[in-house]
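> from the sequence below, what's the structure:
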Amino acid sequence: MMREGQNDSKMRRTFIQVIQDASRLLWKDIKDIKWAVIVIIAYFVLGKYYLYSLCPMVMITGFPCPGCGLTRAGFRLLRLDFTGAFRMHPFIYLIVVYAGMFGWNRYVRKQKMGKYLNAFLLLLMIGMVIFYIWRMANYFPGDPPMSYYRRNLLRILAGWIIL
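Model prediction:
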């Protein structure tokens with residue numbers, strides 16, 4: 001029973017209530033961005049069959065991007081291949097930590113991203129760019145994802161222009 005002057009936000013929620021509230025908010029977020037979700041799913045489904053790479057930077061320039069290897073690392077992580085995930089892209093673990101912190105903040109605590117989460121995201125992106133430069137200097141061209149793809153759009157367009 002609530003005392004006078006006490007509001008709902010100060011009451012402790014049960015575990016079931018937290019899960020229900022989080023589920024409702026997640027579903028609302030998905031509905032709010034439904035067209036983006038549909039386009040991304042269609043891109044991956046169609047891209048798997050018709051494109052040689054799902055990475056737009058690879059398709060346009062032929063060069064890997066700072067995030068190249070993250071999808072493969074994520075799938076390896078889902079298969080519990082922790083070493084393989086790290087070898088494919090070591091930032092997968094920091095991204096998982098960030099996603100967990102974001103989910104906890106957004107869906108359990110019901111708060112917006114704070115300055116610490118924003119700073120963590122900024123440092124994560126800067127770290128990925130620095131790692132990308134290091135990886136390009138030391139491992140390019142090499143094994144995927146550090147490979148050059150010759151069938152890129154710029155090369156094809158250059159071939160047409162030169163003709």
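> find the nearest non-adjacent residue to residue 65, please.
Nearest residue to residue 65 in three dimensions, chain neighbours excluded: residue 57, at 3.9 Å (CB to CB, 6 or more residues apart in numbering). Heads up, the C-betas are built off the backbone N, CA and C, glycines and all.
> mind listing what that neighbour touches?
The contact partners of residue 57, by CB atoms under 8 Å, 6 or more residues apart in numbering, come to 63, 64, 65, 68.
> just confirm the last one contacts residue 145, I think it does.
Yes - Residue 68 sits in contact with residue 145 when judged by CB atoms under 8 Å, with a separation of 3.9 Å.
> find the residues that touch each one of the two.
residue 89.
> quick one: average pLDDT of the top helix by length along the chain?
Of all segments of type helix in the chain, defined using DSSP state H, the longest is helix 115-139. The pLDDT scores in helix 115-139 average 92.
> what is it packed up against?
Applying 3 or more CB pairs under 8 Å, 6 or more residues apart in numbering; DSSP states H and E, we find helix 115-139 packed against helix 92-103.
> and the angle for the helix it packs on with helix 115-139?
Counting by axes from the mean of the first three to the mean of the last three CA atoms, to 10 degrees, helix 92-103 lies at 160 degrees to helix 115-139.
> pull out the buried positions in helix 92-103.
Using 16 or more other CB atoms under 10 Å as the test for burial, helix 92-103 gives 92, 95, 98, 101.
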